[in-house]
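[1] Quick one: sequence plus predicted model below, questions after.
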Amino acid sequence: MAHRIDEAYAIMQANDRGGYTIPTSRLYPYQWNWDSAFAALGFAAFDRDRAWRELETLFDAQWPNGMVPHIVFRRDDPDYFPGPSVWQSNTTPPSSGHSQPPVATSVAKWLIDSGGPDDIERARNLFPAIMRYHQWFHAARDPHETGLIAITHPWESGRDNCGDWDAAMARVPVDHGLGDYKRRDVSHVDASERPTQAQYDRYLSLVAFGQRTGWDHLEIYKTGPFLMVDPGVHFILMQADQDLLDMADTLGFSGDMKAIKSWITRYANADIQLWNSEIGTFTAMDLKSREQVPAITNASFLSLYAGAGTTDQTRQTVEHLRAIQANCKVGVPSWDPRHQDYEPQRYWRGPVWAMINYLIVLGLERCGEPELASELQAETLKMIEDAGFYEYFNSKTGEGSGGPDFTWTAAIYLAWTVGLEAQNADRKAS
Ligand code: DGY
C-alpha cells in the first residue's frame, strides 16, 4: 500500500501554477474553488506554507460582496469553455459569477488544529475574508433566513450533471441568444463521461441569465430559472460554520461569534425541511416547486460529516450507505445504483469521487462508525492505487474516468497516506 506517494507529490507539483493549482491540464486550466481547498489539504502533507498560499490566492479573487467565485481566470486559455469572456464578471482577476462548496474554511481549521504559531498567524490574516464569504453565503443564498442554503446553478454544487438537477433543469428555458458555441471538454475527455449537450445548453442559459442581471445575486435568487438546495453545499457550509465559530474563538474574533451562532441555530429548521421521509435520508430539494429529489447521492451522506439530523436519521442514512456499497465494486457512487438513472461512468451520475469519500469518512468517524470509515478509506486508497489519479472512478468497475493526473485525487491520497504514516510513526515512538 501507499506506493504511489511520489507520483501524488509529482502531480501536485506539475499542476502548481505558482501560488495556485489547476485541477488538471487542458480540461480544467484555471483555479477552481473547492479543488483549491482540497489542494491545500494535499500540500499540507509536505509544505504548509504552500497550503496556506493556495487558500490565500483563492481569497485574492474574492468579490467586493464577499463571494469567492467557483473559477478564477488568471489568464485566458483556449482549452476551456466557457471562459472569462462568457462570464463577464467585471472583476480583477476575472472569474465566474457564482460560488462552489466552501470547503476552504474547514481546511483552514484543519491546518490550525494540526499546526503551530505560523498557522495561527496565517489564519488570523485570512479570517476576515473567510467571515465575509460566509456572510455572503447566508445573505445571498438564504435571504429569507430559512436555514436552507440554495444554489443558483448546478455548477455551484460542484456536482454538475447529477440527476438531482434533472427535473429543475428541464424547466430552464434555453436562451435563444446562445448561438453556436464549441464545447472544449469533449475534446479532452470521452463524451460518454461528460454532461450531455442538452445540459450544456441550460448551463450556459443560466450563465447568460446571471450575466444579464450584472451578477446581482439577490435578483438571481428571486427571479432566476433555477433554485435548489444541494445537500452538498448545504452540509459543507453547515460544517464550515461550525469550524468558523471555532476559528473565531481560537483567533480572537469574538465579535463575529454571535452572527455565526445565529447561522448555526437556523440549521435545525433546515434539517426538518430537507429530510426526505419517503426515502429515509437527506436529498436535494427544488425551492421553486418544493419537490424533493427521490434519489440518494454521495452528497446525502455529508449529513454525517456536518453532524446533521437526529440519531434515528443518522441510523437510516448509515443503513442506506451500507446497502449502496453492497451494490458497487467501489463506492460511494454519486447516484444510487439501485435507481434506474444510474450511470456508473458518467461524471456525477454514478462514478466515485475520492474527495467526497474523504468527507464521508470524517462523517462516519463523527457518527460512531469507525469500522465503516476505515473500510471506506482503505477501499478508496486501493481504488486509486489500482487505477491511478483520475478525476473520478467507475463505480461498477473501479476504472479511472474523466481527467488524468488530477489534483484533488492526489491531494486526498497524500492527506491519508502521509497523515497515516505519520500517525503510525508516532504510535511506534510512544
Ligand atoms: C466544468 O466545466 O465541467 C466545470 O465543472 C464547471 O465548473
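    Happy to help now that I have it.
[2] if I look at E399, how far off is the ligand?
    20 Å (C-beta to the nearest ligand atom, to the nearest Å). Quick note: C-beta positions are derived from backbone N, CA and C, even for glycine.
[3] That residue reaches D386, doesn't it?
    No - using C-beta atoms under 8 Å, E399 is not in contact with D386, being 9.0 Å away.
[4] who's more crowded, those two?
    E399 (18 against 12; other C-beta atoms under 10 Å).
[5] And the pLDDT for that one?
    According to the prediction, E399 has pLDDT 97.
[6] how close does it sit to P344?
    Distance, E399 to P344, using C-beta to C-beta, to the nearest Å: 9 Å.
[7] F253 too?
    45 Å.
[8] If you count surrounding residues, which of those two has more?
    Comparing F253 with P344 by neighbour count (other C-beta under 10 Å), the higher total belongs to P344, at 23 against 18.
[9] Name the SS class of that one, please.
    Under DSSP: H, G, I helix; E, B strand; the rest coil, P344 falls in the coil class.
[10] C-terminal to the biggest helix by length in the chain, what's the next element?
    Longest helix in the chain, counting residues (DSSP state H): helix 117-141. Next in sequence after helix 117-141, counting helices and strands by DSSP states H and E, comes strand 150-151.
[11] just checking, what packs against that following strand?
    Applying 3 or more C-beta pairs under 8 Å, 6 or more residues apart in numbering; DSSP states H and E, we find strand 150-151 packed against strand 228-229.
[12] avg pLDDT for the helix or strand that the strand it packs on is followed by?
    Under the assignment DSSP H and E, the closest C-terminal helix or strand after strand 228-229 is helix 231-251. The average pLDDT within helix 231-251 is 98.
[13] What residues sit buried inside helix 231-251?
    231-245, 247-248, 251 (16 or more other C-beta atoms under 10 Å).
[14] Also stretch 139-150?
    Quick answer for stretch 139-150 (16+ other C-beta under 10 Å): 140-142, 147-150.
[15] quick one: which of those is nearest to M67?
    A140 (7.0 Å; C-beta to C-beta).
[16] Can you tell me the centre-most residue of the protein?
    P101 (4.4 Å; C-alpha atoms, centre = their mean).
[17] Give me the secondary structure label for T397.
    coil.
[18] ok, it to W155 distance?
    27 Å.
[19] higher neighbour count, those two?
    W155 (21 against 14).
[20] any idea what the more buried one is structurally, helix, strand or coil?
    helix.
[21] Quick check: it touching Y203?
    Yes - counting by C-beta under 8 Å, W155 sits close enough to Y203 to count as a contact (6.5 Å).
[22] Let's see the pLDDT reported for C162.
    Value for C162, per-residue pLDDT: 97.
[23] wait, N269
    88.
[24] can you pull the contacts of it?
    146-147 (C-beta atoms under 8 Å, 6 or more residues apart in numbering).
[25] ok, and it, which helix or strand is that part of?
    Residue-wise, N269 maps onto helix 257-274 under DSSP H and E.
[26] In CSV, could you pull the C-alpha coordinates for that helix?
    Taking Å, rounded to 0.1, in the frame of the first residue of the first chain, the C-alpha atoms of helix 257-274 are listed here in CSV:
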residue,chain,number,x,y,z
MET,A,257,-19.3,34.8,17.1
LYS,A,258,-22.9,36.0,17.7
ALA,A,259,-23.6,36.1,13.9
ILE,A,260,-22.0,32.7,13.3
LYS,A,261,-24.0,31.2,16.2
SER,A,262,-27.3,32.5,14.7
TRP,A,263,-26.5,30.8,11.4
ILE,A,264,-25.8,27.5,13.2
THR,A,265,-29.1,27.8,15.1
ARG,A,266,-31.0,28.1,11.8
TYR,A,267,-29.9,24.7,10.6
ALA,A,268,-32.2,22.9,13.0
ASN,A,269,-35.2,24.2,11.0
ALA,A,270,-33.4,23.2,7.8
ASP,A,271,-32.9,19.6,8.9
ILE,A,272,-36.6,19.2,9.3
GLN,A,273,-37.3,20.5,5.8
LEU,A,274,-34.5,18.7,4.0
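[27] tell me the angle it makes with helix 117-141.
    50 degrees (axes from the mean of the first three to the mean of the last three C-alpha atoms, to 10 degrees).
[28] Tell me the helices and strands packed up against the helix or strand just after helix 257-274.
    Counting by DSSP H and E, the next helix or strand C-terminal to helix 257-274 is strand 275-276. Other helices and strands packing on strand 275-276, by 3+ C-beta pairs under 8 Å, 6+ apart, are strand 281-282.
[29] For the strand it packs on, the averaged confidence score.
    98.
[30] What average pLDDT does the helix or strand just after that strand get?
    Heading C-terminal from strand 281-282, the first helix or strand you meet, by DSSP H and E, is strand 285-286. The average pLDDT for strand 285-286 rounds to 98.
[31] likewise stretch 59-68?
    The model assigns stretch 59-68 a mean pLDDT of 98.
[32] For it, which residues meet the burial criterion?
    59-63, 66-68.
[33] Just the residues contacting that stretch, thanks.
    31, 33, 58, 69, 72, 89, 91, 93, 95, 98-99, 102, 104, 126, 129-130, 132-133, 135-136, 140, 217.
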